[in-house]
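**Q** sequence first, then the predicted structure:
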Amino acid sequence: MMTSAEIRQKFLDFFASKGHRIVPSAPIVVKNDPTLLFTNAGMNQFKDYFLGNKKPEASRIADTQKCLRVSGKHNDLEEVGVDTYHHTMFEMLGNWSFGDYFKTEAIAWSWELLTEVYKLDKDRLYVTVFEGDPKEGIPASSIALEEWKKIVPEDRIVFGNKKDNFWEMGDTGPCGPCSEIHIDCRSDEERKLIPGRDLINKDHPQVIEIWNNVFIQYNRLKDGSLEPLPSKHVDTGMGFERLVRVIQGKQSNYDTDVFTGTIAATEKITGKKYDHSDSKEAIAFRVLADHIRAIAFTIADGQLPANNGAGYVIRRILRRAVRYYYSYLDYKQPLLFQLLPLLADQFSNVFPELKKQLDFVSKVVKEEEDAFLKTLDKGLKRIDDIIAQSKQQIEGKAAFELFDTFGFPIDLTRLIAAENQLTIDEKGFEAEMQQQKNRSRAAGTIDTEDWIVLSDTAMNEFVGYNSLEIKSKVIKYRKVKAKGKEAYQLVLEVTPFYAESGGQAGDTGTLDFEGEIVAVTDTKKENNLIIHFTDSLPANIQAAVMAKVDGNRRQSTAIHHSATHLLHAALRKVLGTHVAQKGSLVNEEQLRFDFSHFAKVTEEEITQIESIVNEKIRANIPVYIKEMSKDEAVAMGAMALFGEKYGDIVRVVVMDPAYSIELCGGTHVGYTGELGFCKIKHESAVAAGVRRIEAVSGKAAEALIHEQFETVSQIREALKNPKEISKAVEALQADNNELRKRIESLEAKQLIVTKNELLSQTETIQGITFLGAVVEVSSADSLKKLCFEMKTALTNYVVVLAAQVDGKAQVAILLDEAVSVSKGLEAPKIIKEQVAGLIKGGGGGQKTLATAGGQDASNLPAVIEKVKALLV
């Protein structure tokens, strides 16, 4: 039986024999594309080629691409593990033609590979052809039909509608008709009962699509219309996991050697056996085998779990996996990280980035598991309570509580609800989310109109490494709206403006349209386009333009970028070669550098790191920047970043070959001496296994030192110019601590006096001891302590104490447990319903003790009367 590794290699070898260039997978995490969080199809990395923004490195290409589909249009998460063929991360085998061959060759080669190389039974294969769509004016695929007639009988050809046979990456972008190949894996008996062609695209688990030939010839615009692309392309995609299943003769993807190793490891860890059934336990095995791949490779490609964006998608997947092993495999400690060594070995030849970062990825995954396990048990108990109180539907507010308080992603709550024959009030949940999250997200949303193209043939070229000013012209532009404000995005034929990438901020400057000056407020990349942001358009957009970068800002930014390279090398020398960049930000104000390291960097280590960096600055080392092949760069020791996609020719920045060699597309100084000085401002934790250093160099470092000296001078003056400031501060702190102890002692004595005075003011209402008073205390904490002290002196009581502290209202409420039960009273509820409005504030606490603070202290007597009225 052919192994999965052999199947993958045969695909690549086949297309290499057809003149295709074999390229590595792009990172699964997408950068510089606002329409995508993750690579969700093999064509994503080639999008610029289809749109004509970039010239292909070869007209024929083949690869295996890591993909992830869990959100948006391609949302498969809820099916993963429940069925036998949906996955979060999957490999997409693909062959591509960029203006080269088209339908004839693509169809013939796909049939040749499947039937002659992989030896699939022709009698089990069916093909689909697009039937056309008169509403959109899209004709049927007559050429594809004729090509298939040359290969298969007509009863093997099925016509498909736009839903099934017209491929679109998203709401906008490249698209076109497709021709799929399906296989019928049912038994001969089943095939006799119902012909396979009747089950095509009917979601039958054994009659499945294995290859999709997409003929990309259109671009979908924002208004829904289609425009022809500059040239016709072929994009074919074959799901690797499904292909392996078919070739290995399995009924489930999870029974192939792509997943069986992980399932066996899970059996060994948990002591459970996988029985291939539809039981919750079996689903849990499949969920883990799938999810660990998505989690591991996205983290290896640079995306850490987070509470928003792409990071939250990874957190959702991880937490879904944790819940499955916790609930259905009865495993109550971190499990996923234990599967990583096996996974890293399995994919070391095709996706080596996981093996190279195994320790780092394991640390991140384990800490994520630990964090969620701490709240999972409480969350499951809470959802049990919610389910018990729900009839047919879980309220949106309750679903949001699970999300906000216990970290339950909505799809996890939805899953648990479905297991209990309940639904979720999705609209109610979204309304709650709107209040907390969607408002800020909407504020940052950019609404873009279609491009207005002035030149179809001009290419977008960057010349800013060597020039900060150049004559150019606008080749296309569009209007955008963000935060209620209109702005514009311009693309120039040639530009000196550096677009934000690699952590470096985009350039600002001016565009001079024959005397009319338009300010460039930012420069960003979208796919491979360099986009200039402006607040206005010139009167004549087609006039010649002089593009000029703000040189001072660029120089300050370049200083910080070069300082980042020196810092990175110093970190590796001091902390160890495990240090790898995990993120960065460089602008004219400072540098911020995130790196893999599992402990806080000590003050001694920071001093050592700074010393090395500044030594290299004083040495005034020339900064050499060379372009060379990637293989040559790696051979000379250049550091490449995980999660970055590099071309064949790379830019190498060298600051002493024995010290720092990095692949980098950013801008840099000519000599390290231009940095002047580097000072680390702050070191902190960012995520599991990731630390952050913030530093300044050049004029920013000079400003920081001046500011710190000024602060020291002010402190010295305030302390009456002592000889040793540190000793004077220590003496001041000692005096302060002594005075604080005396005050606390006096307050404690005063609280006893006040307590005894208050005990004489109690009254009985309906058999309940009530004490309400406005008192004088120095802090909200003292008020709470005084209220709590009443607990030992009273029985069957309700106590409400109020005070004015620093001009603001403070209230504390204490309830006897018996009174709380008999009267149905809860202290936090009283605060919310009776107190908060009167004092213009809020608060909370436990069932029998709660506090509140507010802006209005004039109504404190009314607060006491309001609580007292609850007992009457």
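**A** Yes, it's here. Predicted, not measured: the structure shown is a model, and the values here were computed from it.
**Q** phi, psi of Gly670?
**A** phi -80, psi -30 (degrees, to the nearest 10).
**Q** check Thr266 too.
**A** With angles defined as degrees, to the nearest 10, Thr266 sits at phi -70, psi -40.
**Q** hmm, it is touching Asp290, no?
**A** No - using Cβ atoms under 8 Å, Thr266 is not in contact with Asp290, being 11.6 Å away. In short, each C-beta sits where N, CA and C put it, glycine included.
**Q** now the common contact residues for those two.
**A** The contact sets of Thr266 and Asp290 do not overlap (Cβ atoms under 8 Å, 6 or more residues apart in numbering).
**Q** quick one, helices of the stretch 301-450 of the chain?
**A** Counting by DSSP state H, counting those that start in this stretch, one finds helices in the stretch 301-450 of the chain at the ranges 309-328, 340-346, 353-356, 358-389, 396-406, 410-419, 426-433, 439-443.
**Q** most tightly surrounded among those helices?
**A** helix 309-328 (a mean of 22; mean count of other Cβ atoms under 10 Å).
**Q** could I have the CA atoms of that helix written out in PDB?
**A** Below are the C-alpha coordinates for helix 309-328, written out as PDB (Å, rounded to 0.1, in the frame of the first residue of the first chain):
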ATOM      1  CA  GLY A 309      -8.500  38.100  14.900                       C
ATOM      2  CA  ALA A 310      -6.500  35.100  13.700                       C
ATOM      3  CA  GLY A 311      -5.300  34.400  17.200                       C
ATOM      4  CA  TYR A 312      -8.800  33.800  18.400                       C
ATOM      5  CA  VAL A 313      -9.500  31.300  15.700                       C
ATOM      6  CA  ILE A 314      -6.500  29.200  17.000                       C
ATOM      7  CA  ARG A 315      -7.800  29.600  20.600                       C
ATOM      8  CA  ARG A 316     -11.200  28.400  19.500                       C
ATOM      9  CA  ILE A 317      -9.800  25.300  17.900                       C
ATOM     10  CA  LEU A 318      -7.600  24.500  20.900                       C
ATOM     11  CA  ARG A 319     -10.400  25.000  23.400                       C
ATOM     12  CA  ARG A 320     -12.700  22.800  21.400                       C
ATOM     13  CA  ALA A 321     -10.100  20.000  21.500                       C
ATOM     14  CA  VAL A 322      -9.600  20.500  25.200                       C
ATOM     15  CA  ARG A 323     -13.300  20.200  25.900                       C
ATOM     16  CA  TYR A 324     -13.500  16.900  23.900                       C
ATOM     17  CA  TYR A 325     -10.600  15.200  25.700                       C
ATOM     18  CA  TYR A 326     -11.800  16.600  29.100                       C
ATOM     19  CA  SER A 327     -15.400  15.400  28.700                       C
ATOM     20  CA  TYR A 328     -15.200  12.300  26.500                       C
END
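**Q** heads up, I number from 9, so please use that
**A** That works, and once the first residue is 9, the last one we named lands at helix 317-336.
**Q** I'd like the distance from it to the chain centre, please.
**A** Mean-position distance between helix 317-336 and its chain equals 14 Å (Cα atoms, centre = their mean, to the nearest Å).
**Q** for that helix, packing partners?
**A** Secondary-structure packing of helix 317-336 (3 or more Cβ pairs under 8 Å, 6 or more residues apart in numbering; DSSP states H and E): helix 288-308, helix 366-397, helix 418-427.
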